[in-house]
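Trainee: just coords:
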DNA sequence: GATGAATGAGGGTTCATTCAT
DNA sequence: TATGAATGAACCCTCATTCAT
């Protein structure tokens, strides 16, 4: 790979990064290419040299986020201890949400506008949810955890973890964390883990 | 109040309703006055006769939502039973989120864009949170509930309830509820109530 | 019809006139809305207030021309004398081409670019040609005119008459007619009529 | 001539060919360098390496066409038989128009836009027309053909022959000739020759 | 009150061309 | 010789808003 191609990758990367940030903040329709270009540190004409269209860029970034999220599974590796799995999942998901909150934000923006780009993804999500629900149901049947509504149990994990991405600004104000500082991961994670472990009768 | 003034109120109401819906879906920058006028069933010129500016309309609607949300308190009336209070709060909040999801959605839109209109509201929110936290802390001190992080406990209630507004579309797809039907309030409420009661050691 | 509506019609008329002129000169792709607005004596924003899109305006103007041309039939009224019909048709067509050359020019522009807007019109044209061909063939069978290739005979009439619209500038230079003056209708008409009457053995 | 220079000529040829085709279809203003590059099978940057500017390329191609057309004279070689000359001229011109219709199309495009590039060519055309007119007038004076308007007679030959280039698409639709096939040269040539010979009283 | 018309600014995108490599 | 990158201008069109009527 030569220098020119490297630079191309760099610029493309800067554009995608900027796009994720801006789209997450103001959505597809609310984000101008001017805004995107400025955020990426290039001119509008330069931006359009690298992208096909604003919508295509949006789609590309959204697909990237969805793919990244797909890789965080409920059960990881050889785990089969309910407490371990739940704790691990909550902490992994929360970590991702605190480290890269723009992902969740972009996702909720897409949902808010009616999710026209998501049609092809629901089936895959349903399959993942079915997998995880099956595991939970088995644990319940085996008496290894209290009965819960498996799907809602999972959805509530999403709700709690993603809240600290989507509503991060509110969390900061309420918890009095300045914009420069980071939210206290351990504090939030502990409370969240306790919440779901206790629901499952595992703590 | 004469007929003309009545009609004026009606139109204003239609505008606010439409604005809430549209702003909740596509945000301030992403929503055009054309779009707003069409959603309100009037012309663009008529819209501008009734409003001062798009931003003013946005502010008005946002303030309305914030005011409405302020009216749902953690403790209601003379309640002082932890289980009763938690159950009531979760159910009230969830009901509001399922009945009028646009409120939460508008709110998250504002947060996503950095909440420039919210500066004056954080103090009030902090006060409310402090009130509720005080109650919870007292209950803990009195041994009437397990120790929790009071602020995070509340925030997680928000997270879970508002999730069914903000991520409603995803919830529908995962729970297989068609766009015309309603999410199953009792099912969701029961799981949510269990979640927080158990965390508090009250169930 | 009130004054405002009248003005609207006036402006719309001015736009269509300007559009016919400009599209005839530089085609759809080669004509900018700036150019159109200037030719119509309005601003670009004003133009876009009155039209849906440049392409729609183009289509509207093109359809208008096609409709106008459809109304010039080979046989008019109760005519059935070959010499009369041919003479009348050539003169009518030529008159139209000299009076409103932009029509033919717009048409040839559309053909030059591959006529993507004409797909629906060929059937109608074929039908008209078939009608006229039938008349000519009958005359030939009845011995009232010399045998000709009926379709090519008609097409050559089009060729000759429309030439004085499409190639008018060249005709002016060759015939030494200044841009302000008019081409000598009678001179051209007489030569053209002679051409086709003699071919038909009618002069 | 070395290999590099040969390749250069090849590419230049491809560019001119593509330019003729594209300019003939959509005119100077309506044809983009992108379109030209794609049609020539090269990149936009490569195109600009070979040409000075779009307008220069247009001028070059147009001049080429004009030069090529100048070489088809009314009278060819030692001919002096009116029927032979007319027949030959009509057939030669028609052949050129059917074989290379883009030439005529580019020419009419230039005329349609007001022929700003043609100012220097009218004198030469007038001279050619005067020559041919002189021959025709002599034939008439010598009683070797019927009196005609010599200039219009010539112009009508152009009209008829070029029609099958400029309006070829319409001709195909009316004559039911598919885009892949060729128009029937002999059929068209015969009718055209008859048309002008009869006008001259020579058939 | 209500509405057609108008507008200057800005939307996303392509343009012809230049430049560095 | 060739090509990725870059650019300022222009492309078509919509924007939020104002103004007559």
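Mentor: Cool, the structure landed. Predicted model, so just to flag it, every value in this text is computed and none were measured.
Trainee: What number of residues are in the vicinity of the residue of chain A at minimum distance from chain C?
Mentor: Going by Cβ to the nearest Cβ, chain C is nearest to residue A:53 of chain A, at 18.4 Å. All C-beta spots, glycine's among them, are computed from the backbone N, C-alpha and C. Other residues near residue A:53 come to 10 when the count uses other Cβ atoms under 10 Å in any protein chain shown.
Trainee: The helix ranked longest in chain A - contacts with which helices or strands?
Mentor: For chain A, the helix that runs over the most residues, judged by DSSP state H, is helix A:3-30. Judged by 3 or more Cβ pairs under 8 Å, 6 or more residues apart in numbering or on different chains; DSSP states H and E, helix A:3-30 is in contact with helix A:33-40, helix A:44-50, helix A:54-70, helix A:101-112, helix B:3-26, helix B:101-112.
Trainee: Can you pull the residues of chain A lying near DNA strand F?
Mentor: A:4-5, A:7-8, A:11, A:42-46, A:48-50 (Cβ under 7 Å from any atom of the strand).
Trainee: repeat that with 10 Å
Mentor: A:2, A:4-12, A:29-30, A:37, A:42-50 (Cβ under 10 Å from any atom of the strand).
Trainee: Who are the contact partners of residue A:128?
Mentor: Residues near residue A:128 by Cβ atoms under 8 Å, 6 or more residues apart in numbering or on different chains: A:70, A:73, A:74.
Trainee: Residue A:51 contacts residue A:58, doesn't it?
Mentor: No: using Cβ atoms under 8 Å, residue A:51 is not in contact with residue A:58; the gap is 9.7 Å.
Trainee: For chain A, give me the ranges with low pLDDT.
Mentor: A:1-6 (pLDDT under 70).
Trainee: Contact residues of it facing DNA strand E?
Mentor: So far as Cβ under 10 Å from any atom of the strand goes, chain A lies against DNA strand E at A:2-4, A:7, A:22, A:26, A:28-38, A:43-49, A:51-58.
Trainee: per-domain residue ranges of chain A.
Mentor: Following automatic domain parsing, one finds the domains of chain A at A:3-61, A:72-199.
Trainee: Please identify which helix or strand holds the closest residue to residue A:179 other than its chain neighbours.
Mentor: For residue A:179, ignoring the flanking residues on the chain, the nearest one in space by Cβ to Cβ, 6 or more residues apart in numbering or on different chains is residue A:172 at 6.7 Å. Per DSSP states H and E, residue A:172 falls inside helix A:168-175.
Trainee: Can you mark which positions in whatever helix or strand comes next after that helix are buried?
Mentor: Next helix or strand after helix A:168-175 toward the C-terminus (DSSP H and E): helix A:185-199. Judged by neighbour count (16 or more other Cβ atoms under 10 Å in any protein chain shown), helix A:185-199 contains these buried residues: A:188, A:189, A:191, A:192, A:193, A:194, A:195, A:196, A:197, A:198, A:199.
Trainee: cool, stretch A:63-75 as well?
Mentor: Of all the residues in stretch A:63-75, those buried under the rule 16+ other Cβ under 10 Å are A:65, A:66, A:69, A:74.
Trainee: Determine how far it lies from the middle of the whole chain.
Mentor: 8 Å (Cα atoms, centre = their mean, to the nearest Å).
Trainee: That one vs chain B: in contact?
Mentor: No: Stretch A:63-75 lies out of reach of chain B by Cβ under 8 Å from any Cβ of the partner chain, never closer than 11.7 Å.
Trainee: Outside of that stretch itself, list whatever touches it.
Mentor: The contact list for stretch A:63-75, computed with Cβ under 8 Å, 6+ apart, reads A:16, A:20, A:85, A:89, A:92-93, A:96, A:103, A:106-107, A:121, A:124, A:128, A:131-132, A:135, A:154.
Trainee: quick one: which of those residues sit in helices?
Mentor: Counted as lying in helices by DSSP H, out of the contacts of stretch A:63-75, are A:16, A:20, A:85, A:89, A:92-93, A:96, A:103, A:106-107, A:124, A:128, A:131-132, A:135, A:154.
Trainee: Narrow these to those that are buried.
Mentor: The buried subset of those - by 16+ other Cβ under 10 Å - is A:16, A:20, A:85, A:89, A:92-93, A:96, A:103, A:106-107, A:128, A:132, A:135, A:154.
Trainee: Same list (those) but as TSV, adding distance to residue B:141.
Mentor: As requested, these are arranged in TSV below (distance: Cβ to Cβ, whole Å):
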residue	distance to residue B:141
A:16	51
A:20	45
A:85	34
A:89	33
A:92	34
A:93	32
A:96	36
A:103	40
A:106	42
A:107	40
A:128	43
A:132	38
A:135	39
A:154	34
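Trainee: quick revisit: which two of the buried residues of helix A:185-199 have the greatest separation?
Mentor: Spatial extent of the buried residues of helix A:185-199 (Cβ to Cβ) is set by the pair A:188 and A:199 at 16.9 Å.
Trainee: neighbour-wise, which of residue A:51 and residue A:58 wins?
Mentor: Shown here are residue A:51 and residue A:58; by other Cβ under 10 Å, residue A:58 has more neighbours (24 against 19).
Trainee: can you tell me how far that one sits from residue A:66?
Mentor: Distance, residue A:58 to residue A:66, using Cβ to Cβ, to the nearest Å: 12 Å.
Trainee: Next: residue A:16.
Mentor: Counting by Cβ to Cβ, the gap from residue A:16 to residue A:66 is 14 Å.
Trainee: Now do stretch A:54-64: distance to the chain's middle.
Mentor: Here stretch A:54-64 shows a centroid-to-chain-centroid distance of 15 Å under the convention Cα atoms, centre = their mean.
Trainee: buried residues in that stretch?
Mentor: Neighbour-count burial for stretch A:54-64, counted by 16+ other Cβ under 10 Å, picks out A:54, A:57, A:58, A:61, A:62.
Trainee: Stretch A:144-154 now?
Mentor: A:144, A:145, A:148, A:149, A:150, A:151, A:152, A:153, A:154.
Trainee: who touches the third one in this structure?
Mentor: Pointing back at residue A:148 there. Counting by Cβ under 8 Å, 6+ apart, the residues that residue A:148 touches are A:136, A:140, A:199, A:200, B:191, B:194.
Trainee: Then the last one?
Mentor: With Cβ under 8 Å, 6+ apart as the criterion, the residues that contact residue A:154 are A:74, A:129, A:132, A:133, A:136.
Trainee: Between these, which sits nearest DNA strand E?
Mentor: For those, the closest approach to DNA strand E (Cβ to the nearest atom of the strand) belongs to residue A:129, at 34.1 Å.
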